[in-house]
Structure formats: C-alpha cells, structure tokens
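Trainee: let's see this in three dimensions:
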Amino acid sequence: MVDWGAGRYETTAEELAPVSERVVDRSGVGADTDVVDVACGTGNAALLAAARGARVIGVDGAPRLLAVARERAAARGLEVDLREGDLAALPVNDGAADVVLSVFGVIFATDPAAALREIARVLRPDGRALVTAWVPAGPIDAMLGAAGRVMARVAPGPPRKRFAWFDPEALAPVARESGLTLATTEPAELEIRAASPEAYVDAGSEHPMALAMRPALERAGAGEEARAAMIDVLREANESPSAFLVHSPYVLHGLRRTS
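Mentor: So this is what the prediction gives:
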C-alpha cells in the first residue's frame, strides 16, 4: 500500500507541472467555472484553474499533500477549497462541477468504475472531465519495469492488476457504464530533464512508491541492484550528450457526462 503523503512527492509534482498547464489550457476554465480537481496532490492543476478565476475544489487522500497545496495557494493569494477524500467517495455535492480535472490522479483508483461514477456524479449534465494517463511505453516506464523485476524476485507475490486507463478501447465502455462518454483521446509527451540519469534516479528515491518498495529491497540486500538497473535503462535512453533528457508518453482523455 502506497502512502502518498510519505517522502517527497513535491519533486514529482514539479516535474508534472507542464502536464497540468496543458490540461488546464485544454479545459478552457475561467471566471464563473466550477472545477473539481480529483487527486489534486500539491495543487498543480487546482491552483492554475483558480488563477484563471475558477471556483475550485481540490480533493486528495493525503493530508500532507493538501497542506502543501494550501501553503502554495496562500503564497499566491489564491482561494482553493481543499478537502480530504477518497476517489470512490468524493466529498463534493452532486452536480457541483462544470469541469473535473485529474492529472495522473484517478488512474490510481483501486476501483476504476467507482471512481468514474463519482466523476459523473459531481458533474453537471453538460459537464466535462479531463483525465491524463501514462502510456506503458518509453524510458520511464522501462525504468520502473527494471525496478519491478528486481522487486518481483525478492518479494514475489501475485501480479498487481492494473486497469488500462491509457487505452480508449478499455476506458470507453467502463466510462459509458459509469455515466460518461469518452469524447477525445489526445497523445502527448512529457519532457523530463535532470543533471544525469543517476541524479534523476536518486531524486526519485523519496517518491512514495519508491519508499513503499524500499523495505523489501533492503531486507533482500537488493537496493543497489534496483538502482543500478534503473540507471542502466536511463543511460541507454538518454537523449542528451551532456545531461539527462527523455520523453515520457501519456494521453489526455476528454469525457462528457452522459445526459
């Protein structure tokens, strides 16, 4: 189980900021728009929407990340209503939102259908949702796969079942049954930079998912093996001759509430 308030998710949130900018741009939110940011984390998308004049509710299950988001909002003089809540039971009234945003957030729901039903519930009849999902391809996915293979060897267990959020053919029928219509799917890439592959891996060592894996790796004495495997993948994929640069693919789904 991942504790999303553990470690330093802020590092990853900063890396993902360009995606939030793209999502908020595509959403067209502005004054007199009611927005709900689902799994808002440190508030990237919520703050951008609020800066454009929207009335924003941000929901997340990690109190520490909500505290970071509050501090960021206060520093920018922005009003954002930040609430602790579960993806399957959003603390938001029915039909409260013109727009729902979720930047790599709802994709971690243990029950995708329930999470999509909640998005449909909080949307107004003409409301829309924008959801980003990672595509299982590219260097970052390969890096995580390398670490996962080490983890599977030292702490074997049943494979985790993951819903294919990136795949419109998988998402569309579940969305439809949940009261949403998948209208668009836009491919995109996130540019990721660091001083070196080693620096990137080490910066990610405080990510909540990395912390969740660490005890099993340390008990098996495999922590350095996992680090080396990740660095090898990134060195091979590196696009920069003097630092570190890769591109990670994702999709931006546009959904509408089914009338």
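Trainee: every contact and neighbour count from this point should use C-alpha atoms.
Mentor: Will do.
Trainee: look at residue 131 and tell me its secondary structure.
Mentor: strand (DSSP: H, G, I helix; E, B strand; the rest coil).
Trainee: in the chain, where is pLDDT below threshold?
Mentor: By pLDDT under 70, the weakly predicted segments of the chain are 1, 159.
Trainee: what ranges do the helices span in it?
Mentor: Read by DSSP state H, the chain holds these helices, from start to end of the chain: 10-27, 44-51, 63-76, 112-122, 138-154, 168-177, 197-203, 208-219, 223-237.
Trainee: okay, the ones you listed, which one's buried deepest?
Mentor: Between those, the one whose residues have the most neighbours on average, counting mean count of other C-alpha atoms under 10 Å, is helix 44-51 (a mean of 25).
Trainee: just the residues contacting that one, thanks.
Mentor: In this structure, residues lying in contact with helix 44-51 by C-alpha atoms under 8 Å, 6 or more residues apart in numbering are 13, 17, 20-21, 23-24, 29-30, 35-37, 40, 55-58, 73, 78-80, 101, 103.
Trainee: excluding covalently adjacent residues, which one is nearest to residue 210?
Mentor: residue 204 (7.3 Å; C-alpha to C-alpha, 6 or more residues apart in numbering).
Trainee: I'd say that neighbour and residue 198 touch.
Mentor: No. Applying C-alpha atoms under 8 Å as the test, residue 204 and residue 198 come out as separate, 10.0 Å apart.
Trainee: how about the residue positioned nearest the centre of the chain, what does it touch?
Mentor: The centre of the chain sits closest to residue 104, judged by C-alpha atoms, centre = their mean, with a distance of 1.9 Å. Residue 104 sits next to 131-134 when contact means C-alpha under 8 Å, 6+ apart.
Trainee: count of residues packed around the nearest residue to residue 246 once chain neighbours are set aside?
Mentor: In this structure, residue 246 finds its nearest non-sequential neighbour in residue 192, 5.4 Å apart by C-alpha to C-alpha, 6+ apart. When neighbours are counted by other C-alpha atoms under 10 Å, residue 192 registers 14.
Trainee: could you measure from residue 192 over to residue 227?
Mentor: Between residue 192 and residue 227 the computed distance is 18 Å (C-alpha to C-alpha, to the nearest Å).
Trainee: before we move on, what about residue 202?
Mentor: Taken as C-alpha to C-alpha, the span from residue 202 to residue 227 is 8 Å.
Trainee: repeat that for residue 34.
Mentor: Residue 34 is 43 Å from residue 227, by C-alpha to C-alpha.
Trainee: also residue 170?
Mentor: Residue 170 is 33 Å from residue 227, by C-alpha to C-alpha.
Trainee: what's the answer for residue 139, then?
Mentor: Relative to residue 227, residue 139 is positioned 15 Å away (criterion: C-alpha to C-alpha).
Trainee: how many other residues sit next to the nearest residue to residue 13 once chain neighbours are set aside?
Mentor: The shortest distance from residue 13 to any residue other than its chain neighbours is 6.9 Å, reached at residue 42 (C-alpha to C-alpha, 6+ apart). Other residues within reach of residue 42, judged by other C-alpha under 10 Å, total 25.
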